[in-house]
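*Asks:* mind folding the following:
(chains A and B)
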Amino acid sequence: MTWIPWNTQLRELAKQCQYLQALTLYRQMLRCGSTPNAFSFPFALKSSASLYLPSSGQQLHCQVIKSGCSPEPFVLTSLISMYCKFNSLVNARKVFDENPISNQLTVCYNALISGYALNSRVFDVIALFCRMREMGVSVNSVTMLGLVPVLSEPGYISLGMSFHCCCVKLGLNLDFSVANCLLTMYVKSGAIESGRNLFDEMPKKDLITWNAMISGYAQNGLAADVLELYKKMEAAGVCPDAVTLVGVLSSCAHLGAISVGREVEQRIESSELGFNPFLNNALINMYARCGNLVKARAVFDGMPVKSVVSWTAIIGGYGMHGYGEIAVELFDEMIKSGIRPDGAAFVSVLCACSHAGLTEKGLDYLAEMKSKHRVQPGPEHYSCVVDLLGRAGRLNEALELIKSMQVKPDGAVWGALLGACKIHRNVEMAELAFEQVIEFEPTNIGYYVLLSNIYSEAENLEGVLKVRVMMRERKLKKDPGFSYLEYKGRVHLFLAGDRSHPQKEEMYRMVDKLESLAKKLDENEERRNKDVLVGMGVHSEKLAIAFGLLNSEARTEIIVVKNLRVCEDCHIFLKGVSKIVDRQLVVRDATRFHHFKDGICSCKDYW
DNA sequence: CTTGAAGCAC
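*Replies:* Residues are numbered from 1 along each chain as shown, chains lettered A, B, ... in the order given. Coordinates of the predicted model:
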């Protein structure tokens, strides 16, 4: 039998992450009378750090000191890193300061910088980096790896950019690891353009590079860019993983891009990703938002383990499509099954209540949040409940609720009240709500328009003028509304009030028809749905819809689906189509317009 | 036994 030296065995075990075995071996080594040296300690230290055994680590530290190995660089870095892993930065720093040699070693700085970064100690990280530069200690990519993540925190992006420059100046090769970190930093801090620039500059991209960019777009709400990039990724031959697909699905949900969503689902089914709970949650969300509740429910039912996120997605799905009763039932079922609702779950059920007019139920939930479930209601919950009370015409109660809030109300809370004032034509309270809401969102043009409409409905011309003056003074300009859609390979652009289109006659006739239809539905509907049927969105959108309907070869004059689908080669996807009434179109608050080309969706937000 | 640590990103 060949004799393998203790240190070699120890190293191998640590390398293979068999930390427990490594520690056992280390103890065995001591029992056999071998003296650990500067090449034994690091592996033992790393093992106890990885197993999170602070007491064993302390013990090892004592042994290190006794053995006189402390100033060995290898040992030093291991000690520092270990204390960082135990979150005991004071001890890590002590080791660093007590051994002056640390001051000259890149590895020691790196270990400590990572430790500070892990604990979001931005200033310590930067101070250490500066000191390192002053001392003339060389910086490498591991240093940057530690530095960059803390710069993703809000407010540090300009510093992050200078670090990026620094990397370039130092001639550090921006290999995957550093470049990916920088990319993540940019997208997390919302500097999505800079992120994209870096992304484009990267000669080689790995899976994480693509994922970082895709998730970055998804988190910043740039759903169309997500889909574009996803296509490019596939073209580049990079195989997407669960992280990629979560980002893609969330964008499909935003855009109503169900065709891409279905593609993704097929891909999931044909791979082993089907068991990934994150992906399944994203699928539920996508189907729910695209209006296919049957599919959403099937995915939900098929999940062996449902988390609060899964429940929230399905509850939200039923809620947003008007099935408040089912949403409420599901919520109660979730609680029965022992899942603790979080803030987001309450948002979904409260929204469901307000959409379905379940006023009392919603109020009960708000009360239970604190008392039963120990969830502190935030402004996002109050805005739901204000909306709920507002729809029911209980404006005074809504106002009282806002006044009684323990947290500070935000723009959305007052905005919900303002919206309710519009439904119930309460000018006085609208003025009050408006005053508050523009404190929070002075440039949100929507609120000005809302108030102006309230005044104009009340035939208060003075008020309308007042709002207009205010908008002019604040230099708020309403973007000219435009919509576009692609039909048979040509993009048709529609500007509000535009009369230049060759089919204008028929289009305007169709618009009139649609408007009278919307109005008729408006009159027929129950009061609680009044806001659902306020009309058909902006003028350019009406033109686009009219154009689509005119050119469709579909037999029904008006096809009603959640995502209005006119015919195979001419798709219009509207967010907010919220009701199907006798095969007729009911559009609610259409504020986005989408067109599809090769499965890539673009959208334009406008007022 | 001459062995090589520090560590990040979706």
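*Asks:* does A:Met334 count as helix, strand or coil?
*Replies:* Classification of A:Met334 using DSSP: H, G, I helix; E, B strand; the rest coil returns helix.
*Asks:* ok, it touching A:Val309?
*Replies:* No - under the criterion of Cβ atoms under 8 Å, A:Met334 makes no contact with A:Val309, lying 11.2 Å away. Backbone N, C-alpha and C define where each C-beta goes, glycine included.
*Asks:* more neighbours: which of the two?
*Replies:* Neighbours were counted for A:Met334 and for A:Val309 using other Cβ atoms under 10 Å; A:Met334 has more, 21 against 18.
*Asks:* tell me the contacts of the more buried one?
*Replies:* By Cβ atoms under 8 Å, 6 or more residues apart in numbering, the contact list for A:Met334 reads A:Val308, A:Trp311, A:Ile315, A:Pro341, A:Ala345.
*Asks:* let's see that with 10 Å instead.
*Replies:* A:Lys306, A:Val308, A:Ser310, A:Trp311, A:Thr312, A:Ile314, A:Ile315, A:Arg340, A:Pro341, A:Ala345, A:Val349 (Cβ atoms under 10 Å, 6 or more residues apart in numbering).
*Asks:* swap in A:Met202?
*Replies:* So A:Met202 contacts A:Leu174, A:Asp175, A:Phe176, A:Ala179, A:Asn180, A:Leu182, A:Leu183, A:Thr209, A:Met213 (Cβ under 10 Å, 6+ apart).
*Asks:* also A:Asp342?
*Replies:* A:Val308, A:Val309, A:Trp311, A:Thr312, A:His373, A:Val375.
*Asks:* again with A:Leu10
*Replies:* A:4, A:21-23, A:25-26, A:29, A:36, A:39-44, A:46-47.
*Asks:* overlap of the contact sets of A:Met334 and A:Val309?
*Replies:* A:Ala345.
*Asks:* hmm, back to that, could you pick out the buried ones from the contacts of A:Asp342?
*Replies:* A:Val309, A:Trp311, A:Thr312, A:Val375 (16 or more other Cβ atoms under 10 Å).
*Asks:* tell me the SS of the last one?
*Replies:* Right, A:Val375. coil.
*Asks:* separation between it and A:Val347?
*Replies:* Distance, A:Val375 to A:Val347, by Cβ to Cβ, to the nearest Å: 10 Å.
*Asks:* hey, what's in contact with both of the two?
*Replies:* Taking Cβ under 10 Å, 6+ apart as the criterion, A:Val375 and A:Val347 both touch A:His381.
*Asks:* pretty sure A:Lys408 sits in a helix.
*Replies:* No - using three-state DSSP, the secondary structure at A:Lys408 is coil, not a helix.
*Asks:* can you pull the contacts of the nearest residue to it once chain neighbours are set aside?
*Replies:* Nearest in space to A:Lys408, with sequence neighbours left out and distances taken as Cβ to Cβ, 6 or more residues apart in numbering, is A:Pro379 at 7.3 Å. Contacts for A:Pro379 (Cβ under 10 Å, 6+ apart) come out as A:Val386, A:Ile402, A:Met405, A:Val407, A:Lys408, A:Pro409, A:Asp410, A:Gly411, A:Ala412, A:Val413, A:Trp414, A:Phe440.
*Asks:* near the closest residue to DNA strand B within the stretch 151-300 of chain A, how many other residues are there?
*Replies:* Proximity of the stretch 151-300 of chain A to DNA strand B (Cβ to the nearest atom of the strand) peaks at A:Ser215, 2.7 Å away. Per other Cβ under 10 Å, the neighbour tally for A:Ser215 reads 21.
*Asks:* same question for A:Pro203.
*Replies:* A:Pro203, neighbours per other Cβ under 10 Å, totals 6.
*Asks:* helix, strand or coil for it?
*Replies:* A:Pro203 ends up coil, using three-state DSSP.
*Asks:* now it: how far from A:Ala179?
*Replies:* 10 Å.
*Asks:* kindly report the same for A:Val122.
*Replies:* Taken as Cβ to Cβ, the span from A:Val122 to A:Ala179 is 21 Å.
*Asks:* likewise A:Asn396?
*Replies:* Distance from A:Asn396 to A:Ala179, by Cβ to Cβ: 57 Å.
*Asks:* tell me which of the two has more neighbours.
*Replies:* Taking other Cβ under 10 Å, A:Asn396 and A:Ala179 do not tie; A:Ala179 has more neighbours (28 against 11).
*Asks:* I'd say the more buried one and A:Met213 touch.
*Replies:* No - A:Ala179 lies out of contact with A:Met213 (Cβ atoms under 10 Å); the separation is 11.2 Å.
*Asks:* what's the overlap in contacts for the two?
*Replies:* Here A:Ala179 and A:Met213 share the contacting residues A:Leu198, A:Phe199, A:Met202, A:Lys205, scored by Cβ under 10 Å, 6+ apart.
*Asks:* and which of those residues is nearest A:Lys504?
*Replies:* Closest to A:Lys504 out of those is A:Phe199 (43.1 Å), distances taken as Cβ to Cβ.
*Asks:* distance between the helix or strand hosting that closest one and the chain's centre?
*Replies:* Per DSSP states H and E, A:Phe199 falls inside helix A:192-201. Put simply, helix A:192-201 sits 19 Å off its chain's centre (Cα atoms, centre = their mean, to the nearest Å).
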